[in-house]
Every structure is written in C-alpha cells, then in structure tokens.
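Trainee: Compute the structure for the input listed below.
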Amino acid sequence: MRLEPRTGSDKRSLFDRVVEFLSPGPDSRDELIETLADAEHRELIAPESRIMLEGVIRMADMIAGDVMVAAPRMDLLDLDAPYDELLAQVIAAGHSRFPVYEGQRDNITGILLAKDLLKLQRAPGLNLRTLLRPAVFVPESKNLNELLRDFRSNRNHLAIVIDEFGNTAGLITIEDVLEEIVGEIEDEFDEIADDQGIYTLADGSQRIAGDATIAAVNSVLGVDLPADAFDTIGGLVAHEHGRVPRRGEVVSIGGLAFTVMLTRGGAVRWFKVAPAPRVSGA
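Mentor: The predicted structure is shown next:
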C-alpha cells in the first residue's frame with residue numbers, strides 16, 4: 001500500500017484522513033450542519049458555500065407559513081380602482097406582481113404584472129380583468145422544497161397562501177424561498193444609503209438590518225431611541241415587544257413603526273421602518 005503525497009489543496013493530516021475513514025458519517029441533520037461548519041473551519045469549503053448548504057438543509061423542515069408575508073401586510077390592488085390609483089400603488093410598492101381582489105381583500109381574483117398597466121394606459125377602455133393572470137393557491141403547510149419545485153416547473157413567481165379554513169393567510173414569492181438558501185436578495189428598487197445596514201426604499205421608508213446599531217439608526221433617521229441597554233435595533237425591538245416578533249408583525253417605538261420583513265435563525269434579519277401612524281384623538 002502506497003500513500004500518495006499530500007497536495008497543496010489537501011490540508012488534512014494523515015491522522016485526519018484515517019479518522020475520517022474510520023468514523024461514521026453524520027446521523028442527524030444537526031450533526032451534518034456541524035460537519036459543514038468543521039469543513040469550513042478546515043478550509044475545505046468556502047463560508048458562502050457552507051451558508052448555502054445549511055440553508056438547503058434547514059429549508060427541508062420549513063413550510064410556506066414560515067416565510068410568507070402575512071395577509072395584513074400584503075400589497076393588494078382593487079379590481080375596481082381607477083387607473084391613476086392603481087399606478088400610484090404600483091410605483092409606491094415597487095413590486096413586479098400584485099394580487100388583485102374584488103370586493104373584499106380576501107377575495108383574490110388574479111395576479112397583475114406591473115408592466116401590464118402600460119396596456120391600460122394605451123387602451124383606457126380595456127378591462128383590467130382581462131389582464132389578470134391566474135392566481136396560484138397553496139396551503140400554509142406546503143413544504144418549501146415542494147413549493148420551489150412547483151415555482152420552477154409552473155414558471156410562477158408568486159403564490160397565495162391559504163389557511164386550513166380556505167382564508168387568505170398571506171403570500172409567498174420565489175424570492176422568499178430562495179432567500180432561505182442564499183440570504184437576502186437586494187432588488188433594483190433598493191438604494192443603499194450607507195454601509196451600516198440601513199437602506200432607503202423606493203417609497204421613502206427604510207430597510208434596517210436587525211443587527212444595525214441603535215446609534216447608527218439614531219444618526220441616519222434623526223431619532224433618539226434608547227441605546228443604554230441594547231446595542232442593536234433587533235435587541236431593542238424584541239425587548240419592547242416582549243419576544244422576537246414574527247414576519248409581518250409591527251412594533252412601534254419612539255414614533256417609528258418597525259415591520260418585520262425577514263427572520264432567520266430565531267432573530268429578525270430585516271425591518272421596514274416608517275413613521276408610526278398617528279392615533280386619532282391622541
């Protein structure tokens with residue numbers, strides 16, 4: 001038996017390789033994730049590869065209800081709204097696709113592509129209903145792996161999530177699913193304001209990272225949030241709320257409304273921050 005000399009790309013010692021040969025593989029998902037972390041530590045895989053692989057593994061246990069945008073936070077268009085109102089909503093939200101409802105918000109009749117509004121501008125007599133694409137409905141319990149496969153095979157980018165009673169629970173996009181693997185995906189509507197985890201969105205609100213410092217938020221937004229007990233904005237919001245808020249929940253602090261956009265690993269990854277609405281009579 002002849003041992004091959006080690007190459008520059010194989011940094012394992014002979015002992016490491018013997019142990020690897022004799023030791024059984026990981027028996028659980030947690031052990032597999034630990035193995036990936038060890039592989040990164042030994043520089044066998046890049047940190048970015050480890051993060052993506054962990055995302056794929058963790059996604060196997062996730063369902064549509066875990067990452068959907070909750071119904072109260074959905075940007076919807078009214079089928080009977082005038083063209084100017086529809087255009088203003090599309091510009092303010094900055095999405096490429098919108099669920100359209102008729103009568104009540106829970107009555108989703110189809111999906112409108114933002115670019116199709118140009119057809120209404122050129123032909124005002126055109127019925128908006130004729131421009132709608134069929135809406136895809138999935139249950140909250142839909143596994144993300146299956147949902148991603150459906151998105152790819154059906155070429156859909158958005159699905160309406162329904163609860164066990166058939167009511168609209170929220171919506172989920174292919175971007176939401178992919179972000180569980182590759183992390184946050186910035187889009188063309190995001191304008192970077194600085195390198196402190198604070199971004200200006202198309203509608204003038206802010207997207208703020210959960211680990212952004214309170215001092216940075218105070219400086220950029222010109223507010224005076226308390227920074228004596230907590231360093232990060234995520235810690236402050238969780239303390240004020242009594243727990244880590246879920247996606248779609250809103251927490252008001254210091255005149256600002258913090259809407260949870262994305263959570264990961266038991267913490268808030270991103271907030272959307274805007275002035276809190278005034279309470280009438282206050």
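Trainee: Only C-alpha atoms from now on, for both contacts and neighbour counts.
Mentor: OK.
Trainee: and this protein, what are its domains?
Mentor: Following automatic domain parsing, the chain resolves into domains at 26-59, 65-182, 191-275.
Trainee: Redo the ones you listed as a markdown table? Include mean neighbour count and mean pLDDT.
Mentor: Listed next are the domains of the chain as a markdown table, based on neighbours: other Cα atoms under 10 Å; pLDDT from 0 to 100:
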| stretch | mean neighbour count | mean pLDDT |
| --- | --- | --- |
| domain 26-59 | 15 | 77 |
| domain 65-182 | 17 | 88 |
| domain 191-275 | 17 | 84 |
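Trainee: Name whatever forms a beta bridge with I172.
Mentor: Beta-bridge partners for I172, by DSSP bridges, are A159.
Trainee: Verify the stated contact: it with M68.
Mentor: Yes. With contact defined as Cα atoms under 8 Å, I172 counts as touching M68 (4.7 Å).
Trainee: Can you work out which residues contact both of these two?
Mentor: Jointly contacting I172 and M68 under the rule Cα atoms under 8 Å, 6 or more residues apart in numbering are V161.
Trainee: got the contact list for the residue lying closest to L158 once chain neighbours are set aside?
Mentor: Spatial nearest neighbour of L158, chain neighbours left out: T173 (4.3 Å); criterion: Cα to Cα, 6 or more residues apart in numbering. T173 makes contact with M68, H157, L158, A159, according to Cα under 8 Å, 6+ apart.
Trainee: Tell me which stretches of this structure form helices.
Mentor: Listed from the start of the chain, the chain has helices (DSSP state H) covering 14-22, 29-41, 47-59, 64-67, 83-93, 117-122, 144-154, 174-182, 214-221, 233-241.
Trainee: Any chance of the contacts of T173 in a markdown table with distance to A92 as columns?
Mentor: Output for the contacts of T173, formatted as a markdown table (distance: Cα to Cα, whole Å):
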| residue | distance to A92 |
| --- | --- |
| M68 | 21 |
| H157 | 20 |
| L158 | 19 |
| A159 | 21 |
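Trainee: and of these, the nearest to D228?
Mentor: M68 (33.9 Å; Cα to Cα).
Trainee: Need the phi and psi values for the closest one.
Mentor: Backbone geometry at M68, expressed as degrees, to the nearest 10, gives phi -70, psi 160.
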